[in-house]
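> following is a predicted model, sequence given first.
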Amino acid sequence: MAEMKVRTAAKLNLTLDVTGILDNGYHAIESVFQTVGIYDEVTVSFTPAEETSISVSCEVPEQFASSDPIPCDERNIAYKAAKLLMEDRGLTGECRIHIKKGIPSQAGMGGGSTDAAAVIYCLAALGGITLTEEEKASFGGRLGADVPFFFAGGTAYVSGIGEKIVPAADYSGRLLVIAKGSEGVSTGEAYRRIDALEKPYHPDTKGLVKALEEAPDDAWQYFGNLFEQAVQLEEVDKLKSAMLNKGALKANMTGSGSAVFGLFESTEEAEVCAAKLLSWGYWAEVCETVGTSFIAAD
């Protein structure tokens, strides 16, 4: 049995806009994605055999499990990722996947998508399969719109339904507090609320891309998320207010879900803010923006 273990990063949206509905019914987005230093740990083991079996086990913190149960069976996107790769490449054997969750779900942080990308990355390596960038993107796109981004991570301008990914100027090393309460919003429900908005304010995503290149220290002024106007959760408003009161330059929802990130310049202010939010019963972590998705795990 061969085994591979990686830590795989979460992401957030520095901007997130919906620009229309495509002919296939999917929503077109315009966004800047950014990987951040909050990780799931994914372990994949593979033993070649004539028959194929796939299993998934999960290690989920009580704080996550109590508010949003994560399926650890064939419904899990990590299972679907292994099945897709094995069937497509004729790879047979026993594949075991263990996921140690550090990324909350229904938070707009891509926890499931990053796990799926990590499984393809690890299982391909264990099975002796070489994938081109185009093949990675194709596999990822068949699993979910956010998956292709996680094969590289970093900072990227993303459009279409998430499949059009163009690297942007590196924005790693920026200090964040990310927090989430018990409220969650499914992606489908969030988009339904977007469709009901009248005359929404759209964030300037192209302005952010330019600022990242030319004036990265001021780029936070372009952060914005259309979903905040649709979701309107009390916890989101409370988290944003707390972060701004504790010194954040800007605070926004992370994506279509209910987590919030604040950008800080001072480590002390960030740690004080996270401690306060934890004392209120929220999940909160201090982290930095990072330039890649996967790092080797001990």
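The structure has been received and is ready for your questions. Numbering: from 1, shown residues only.

> go ahead and confirm residue 252 touches residue 223.
Yes - under the criterion of CB atoms under 8 Å, residue 252 is in contact with residue 223, at a separation of 5.3 Å. Every residue, glycine included, has its C-beta placed from N, CA and C.

> who has more neighbours out of those two?
Set side by side, residue 252 and residue 223 show unequal neighbour counts under other CB atoms under 10 Å, the larger going to residue 252 at 25 against 22.

> that's a strand at that one, yeah?
Yes - secondary structure assignment (DSSP: H, G, I helix; E, B strand; the rest coil) places residue 252 inside a strand.

> what's it in contact with, if anything?
The contact partners of residue 252, by CB atoms under 8 Å, 6 or more residues apart in numbering, come to 223, 224, 225, 228, 240, 260, 261.

> most neighbours among those, which one?
Taking other CB under 10 Å to define a neighbour, the member of the contacts of residue 252 with the most is residue 260, carrying 33 neighbours.

> contacts only, for it.
Residues in contact with residue 260, defined by CB under 8 Å, 6+ apart, are 178, 179, 180, 236, 239, 240, 243, 251, 252, 253, 254.

> just give me the closest of those to residue 41.
Of all those, residue 178 has the smallest distance to residue 41: 17.7 Å, by CB to CB.

> what is the neighbour count of that closest one?
Residue 178 has 27 nearby residues by other CB under 10 Å.

> relative to residue 90, how far out is it?
Residue 178 sits 41 Å away from residue 90, going by CB to CB, to the nearest Å.

> what of residue 23?
34 Å.

> those two: who's more crowded?
Relative neighbour count places residue 90 above the other of residue 23 and residue 90, with 9 against 5, counting by other CB under 10 Å.

> as JSON lines, the contacts of residue 260 with distance to residue 60 and pLDDT would be great.
Compiled in JSON lines, the contacts of residue 260 are given as follows (distance: CB to CB, whole Å; pLDDT from 0 to 100):
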{"residue": "178", "distance to residue 60": "18", "pLDDT": "97"}
{"residue": "179", "distance to residue 60": "18", "pLDDT": "96"}
{"residue": "180", "distance to residue 60": "14", "pLDDT": "91"}
{"residue": "236", "distance to residue 60": "23", "pLDDT": "91"}
{"residue": "239", "distance to residue 60": "22", "pLDDT": "96"}
{"residue": "240", "distance to residue 60": "27", "pLDDT": "96"}
{"residue": "243", "distance to residue 60": "26", "pLDDT": "98"}
{"residue": "251", "distance to residue 60": "27", "pLDDT": "97"}
{"residue": "252", "distance to residue 60": "26", "pLDDT": "96"}
{"residue": "253", "distance to residue 60": "23", "pLDDT": "93"}
{"residue": "254", "distance to residue 60": "19", "pLDDT": "92"}
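
> before I go, just wanted to say thanks for your time.
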